[in-house]
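>>> quick one, what's the 3D model for this:
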Amino acid sequence: MNLTTLKTLVCTVLIAGATTLAGAQELKIGYINGERVLRESTPAKAAQAKLEAEFGKRERELADDANRLKAAADRLDKEAPTLSEAERTRRQRELIEQDRDLQRKRRAFQEDLNQRKNEELANVVERANKVIKQIFDGEKYDLIVQDGVVFAGPRVDITDKVIRTLNNAAGGK
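Here you go, the predicted structure:
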C-alpha cells in the first residue's frame with residue numbers, strides 16, 4: 001500500500017467516523033489545497049522572486065557560457081578543413097574541457113538552486129501551517145485535511161481563507 005492510498009484510507013475512515021458523530025453535533029471540516037497555497041500566496045511569490053534575484057545572474061552567466069561554447073564549436077566545424085591536425089586536435093580538447101567545466105558549473109548551480117528552493121519552501125510551509133493551526137483553533141474546526149483528499153466540495157475548501165490570512169500576515173511584515 002503506497003502513501004497516497006494510505007492517506008486516502010485514513011481520510012475516508014476519519015470522515016466516515018466523523019459523520020456518525022454528526023448526528024450528535026455539527027461537524028466542521030475544512031480542506032486545503034496545499035499546492036495552491038504554495039503557488040498563489042504572497043510569501044510563496046516573494047520566495048520565488050527572491051530565488052530569481054539570487055540565482056538569475058548565475059543562470060544568465062551559464063547561458064552565456066553555453067552560447068560561447070556553441071559558437072566555438074561551430075567555428076571549429078567551419079575551420080576544421082583548413083586547420084592542421086595538431087591544431088584541430090588541440091581545439092577539440094579545449095572544447096571538451098570547456099564542456100566538462102560548463103557541465104560541472106550547471107550541476108553545482110542546480111544543486112545550490114534546489115537547496116535554496118527547499119529552504120524557502122520549508123519557510124513558506126511553516127508559515128502556512130501556523131496560519132492553518134490558527135484558523136483551526138480560532139474557528140473551531142473538527143478536522144482540516146490537506147491534499148490527501150480524493151474529492152472536496154467548495155463548502156469545505158478553506159484554501160482561499162488560508163491564502164488570504166497568509167497574505168495579510170506577509171503584508172504586515
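>>> please count neighbours and contacts with C-alpha atoms only from this point.
Noted.
>>> buried sites along stretch 67-84?
By neighbour count with 16 or more other C-alpha atoms under 10 Å, stretch 67-84 contains the buried residues 69, 72-73, 76, 80.
>>> average model confidence for that stretch?
For stretch 67-84, the mean per-residue pLDDT is 95.
>>> assign a three-state SS to Gly153, would you?
For Gly153, the assignment made with DSSP: H, G, I helix; E, B strand; the rest coil gives coil.
>>> distance between the single longest helix found in the chain and the chain's centre?
Selection of the longest helix in the chain by residue count, based on DSSP state H, yields helix 85-138. Computed by C-alpha atoms, centre = their mean, to the nearest Å, the chain-centroid distance of helix 85-138 equals 12 Å.
>>> check stretch 52-70 too.
21 Å.
>>> can I get the CA coordinates of it in CSV?
Extracted C-alpha coordinates of stretch 52-70, given in CSV (Å, rounded to 0.1, in the frame of the first residue of the first chain):
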residue,chain,number,x,y,z
GLU,A,52,15.1,34.5,-9.1
ALA,A,53,17.1,37.6,-7.9
GLU,A,54,19.6,35.4,-6.1
PHE,A,55,20.2,32.9,-9.0
GLY,A,56,19.3,35.0,-12.0
LYS,A,57,22.8,36.4,-12.7
ARG,A,58,24.4,32.9,-12.3
GLU,A,59,21.8,31.4,-14.7
ARG,A,60,22.5,34.1,-17.3
GLU,A,61,26.2,33.5,-17.0
LEU,A,62,25.7,29.8,-17.6
ALA,A,63,23.6,30.5,-20.7
ASP,A,64,26.3,32.9,-21.9
ASP,A,65,29.0,30.3,-21.4
ALA,A,66,26.9,27.7,-23.3
ASN,A,67,26.4,30.1,-26.2
ARG,A,68,30.2,30.9,-26.3
LEU,A,69,30.9,27.1,-26.3
LYS,A,70,28.4,26.5,-29.1
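>>> which parts of it are buried?
In stretch 52-70, counting by 16+ other C-alpha under 10 Å, buried: 55, 62, 65-66, 69.
>>> where does pLDDT dip in this structure?
For the chain, the stretches with pLDDT under 70 are 1-24, 149-151, 172-173.
>>> give the bridge partners for Gln146, please.
Taking DSSP bridges as the rule, Gln146 bridges to Ile32.
>>> residues in contact with it?
Residues in contact with Gln146 (C-alpha atoms under 8 Å, 6 or more residues apart in numbering) are 31-34.
>>> who wins for neighbours among these?
Within these, most neighbours by other C-alpha atoms under 10 Å means Ile32, with 23 neighbours.
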